[in-house]
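Novice: Sequence and computational prediction follow.
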Amino acid sequence: MSTPPSPSSEPQTPWFASTVVYQVYPRSFADSDGDGVGDLPGITSRLDHLADLGVGVVWLSPVYASPQDDNGYDISDYRAVDPSFGTLADMDALIAAAHERGIKVVMDLVVNHTSDEHPWFVESTASKDSPKRDWYVWRPPREGFSAGDPGAEPTNWRSAFSGSTWQLDERTGEYYLHLFSRKQPDLNWENPEVRAAVADMMRWWLDRGVDGFRMDVINFISKRYDADGSLPDGAPWPDGGLWGDGGPFFMTGPRLHEYLAELRREVFAGREGQFLTVGEMPGITVEAAVELTDAGTGVLDMVFQFEHVNLDHGPGGKWDPQPFSLLDLKASFGRWQAGMAERGWNSLYWDNHDQPRIVSRWGDDGRWWRESATALATLLHLHRGTPYVYQGEEIGMTNLPFAAPEDYSDIEAVNHYRQAVAAGADPQALVASMARLTRDNARSGMQWDGGPNGGFTTGEPWYRVNPNASWLNVEAQRDDPASVLSHHKALIALRRDEPCVAAGDFTMLAATHPHVYAYRRATAATELLVLVAVSGEEQPLAAVAAAVAADLGDDAAAWDGAELVLGNWHDEVRSGLAPLRPWEARVLRRPATA
């Protein structure tokens, strides 16, 4: 992040347009001491893998001191490293080693909420007169109810992790707000002391050499209070349960831009260097994202939005899964590409610590595992925006097998299972239905080699390692030019070396074809044509060339002689608009036409 240009300046391609971010989930990445938990020295020991992959930024999920109720997203001390991960000295060593390799380090900033074991919250609960009372969102019972009565919660909002967003504090007889776990109380950003404390903490990390922050659910920090300071009830959820949807009252609230502008001013103004700020923003609209990330007037470098990864969620949310539709994906990606074409910047991702593995979710992790993993990577990476690779995605890691309730570890899944069974759901059917979308899929140990525990740890892993690590691992793919890993290296290098990927215009092609994702990128000098078959069957792909050619018009024939920059079928190379095979990805390049 540097001093922004004035709104009248010519738009410039930001430095992060040509780089790729790699997300590390420290607990599951690499264990250096054999205790079964990934740690900071383990990450440092694997930095050469990231350098070889070609990424420019590594984003660390939280490594702060934490009771680990939500695997580190419940922070009890923002200025300490959790002992399970190492020490501050280990963090300093990691930052220095990454910088030696030309890799920036971005921290996960979790400041919508803290742990209930954070000293701020402990003091807040001491009494209603505590100096820290107003650092959190406290409310009395609903009018006409006594504290603890059913229905006495101040609003009917449902937590992201099931149940109410309000927890009664017996000592003071009031409720505190927690949009997530009851052990994750929401900070009150209306209080300037809270904002000042957060800014001071961010400066402290930047002084240690950190290069920026990925801001967890940052668009939840501004709530929509009524004039009397109360919060409204939400509309009932379609599942007919007790709780309502509070999202309209805490997503992208009225003071969000103000709060983020204050952080930008107080934390980054006058600081030399290139820094990255990424706002994770569930429910954000294209229009709001543009305003927040506009290079001239915005307050963040890019947004991390959820529209595309919610496409297979039904009316009841993620536990109500729906079939994947490529047409829906095109509509979503196309809307974001068009909406941010002139201003603003978006993140591009499939996997992260909250999402299942894309090759199992929307690809084919059986017969067409390698082809679908590389096809989906190609589809994503060559859009306008900054791509993210989640650990193991670069080798095509798949979802886990789930056979019993004990196979689930994540708080979201555990809570849902318990409440659904209590409501009468069939336990075994529930185990099977939850498998596709549970966050547990992202949290198995990184698969480094074919040895015990995939090389993740020499001890007993804190959570399972996928049995397919015996053949699906980094070591097996490192020297294979046809591997998923090699394909990711090629995609990352193409973004770095080809200005058209970072700066080119975007045009969707064959928008109504249900089995191909095709688009063109173009600058004044170069054009790229990206063709991706999203199907494992030959027959639906027979008419792909015609569909794409129809949109290209008179220009279609010129692509027959274009350079094949990248493909994922290596046994029989095809170029131009030749028929696509199952899960084939083809990237063509030619000089721009006049």
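Specialist: Looks like it came in fine.
Novice: In the stretch 451-594 of the chain, where is pLDDT below threshold?
Specialist: 594 (pLDDT under 70).
Novice: can you pull out the strands in it?
Specialist: Using DSSP state E, counting those that start in this stretch, the strands found in the stretch 451-594 of the chain span residues 505-509, 516-522, 526-533, 563-567, 585-591.
Novice: most tightly surrounded among those?
Specialist: strand 526-533 (a mean of 24; mean count of other CB atoms under 10 Å). In short, each C-beta sits where N, CA and C put it, glycine included.
Novice: What angle do strand 585-591 and that strand make with each other?
Specialist: For strand 526-533 against strand 585-591, the angle by axes from the mean of the first three to the mean of the last three CA atoms, to 10 degrees is 160 degrees.
Novice: Can you check which helix is longest in the protein?
Specialist: In the chain, taking DSSP state H as the definition, the longest helix is helix 192-207.
Novice: For it, buried residues please.
Specialist: Neighbour-count burial for helix 192-207, counted by 16 or more other CB atoms under 10 Å, picks out Val194, Arg195, Ala197, Val198, Ala199, Met201, Met202, Trp205, Leu206.
Novice: residue contacts, the third one?
Specialist: In this case it means Ala197. Trp120 (CB atoms under 8 Å, 6 or more residues apart in numbering).
Novice: and the gap between it and Trp204?
Specialist: 11 Å (CB to CB, to the nearest Å).
Novice: Quick check: beta-bridge partners of the closest residue to Glu584 other than its chain neighbours?
Specialist: Once flanking residues are discounted, Glu584 sits nearest to Ala533: 4.8 Å by CB to CB, 6 or more residues apart in numbering. On the basis of DSSP bridges, Ala533 is bridged to Val516.
Novice: In contact with Pro481, which residues?
Specialist: Counting by CB under 8 Å, 6+ apart, Pro481 has contacts His570.
Novice: roughly how far is stretch 278-289 from the heart of the chain?
Specialist: Its chain's C-alpha centre lies 12 Å from the corresponding centre of stretch 278-289 when counted by CA atoms, centre = their mean, to the nearest Å.
Novice: Of the strands of the stretch 451-594 of the chain, which is nearest Pro461?
Specialist: The minimum distance between Pro461 and the strands of the stretch 451-594 of the chain falls on strand 585-591, with 33.4 Å, by CB to CB.
Novice: Now do that closest one and strand 563-567, the angle between them.
Specialist: Using the same axes, to 10 degrees: strand 585-591 against strand 563-567 is 150 degrees.
Novice: Does anything pack onto strand 585-591? Which helices or strands?
Specialist: helix 369-381, strand 526-533, strand 563-567 (3 or more CB pairs under 8 Å, 6 or more residues apart in numbering; DSSP states H and E).
Novice: Would you mind putting those into TSV with distance to Tyr463 alongside?
Specialist: TSV is the format used below for the helices and strands packed on strand 585-591 (distance: least, CB to CB, whole Å):
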stretch	distance to Tyr463
helix 369-381	22
strand 526-533	33
strand 563-567	35
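Novice: Show the pLDDT at the residue nearest to the spatial centre of the chain.
Specialist: Of all residues in the chain, the one closest to the mean position by CA atoms, centre = their mean is Asn352, 4.7 Å from it. Predicted confidence (pLDDT) for Asn352: 96.
Novice: next one: Met1
Specialist: So Met1 comes in at 52 (pLDDT).
Novice: Also Val106?
Specialist: At Val106, pLDDT is 98.
Novice: Give the burial count for it, as a bare number.
Specialist: 21 (other CB atoms under 10 Å).
Novice: Direction included, what does the strand or helix carrying it pair up with?
Specialist: Using DSSP states H and E, Val106 sits within strand 104-109. Strands that pair with strand 104-109, judged by DSSP bridges, come out as strand 57-60 (parallel), strand 212-215 (parallel).
Novice: Which residue ranges of the stretch 101-250 of the chain form strands?
Specialist: Using DSSP E, counting those that start in this stretch, strands in the stretch 101-250 of the chain cover 104-109, 138-139, 166-169, 174-177, 212-215, 235-236, 244-245.
Novice: so what's the closest residue to Phe180 other than its chain neighbours scoring on pLDDT?
Specialist: Among residues not flanking Phe180 along the chain, Ala160 sits closest, at 5.1 Å (CB to CB, 6+ apart). Looking at Ala160, its pLDDT reads 92.
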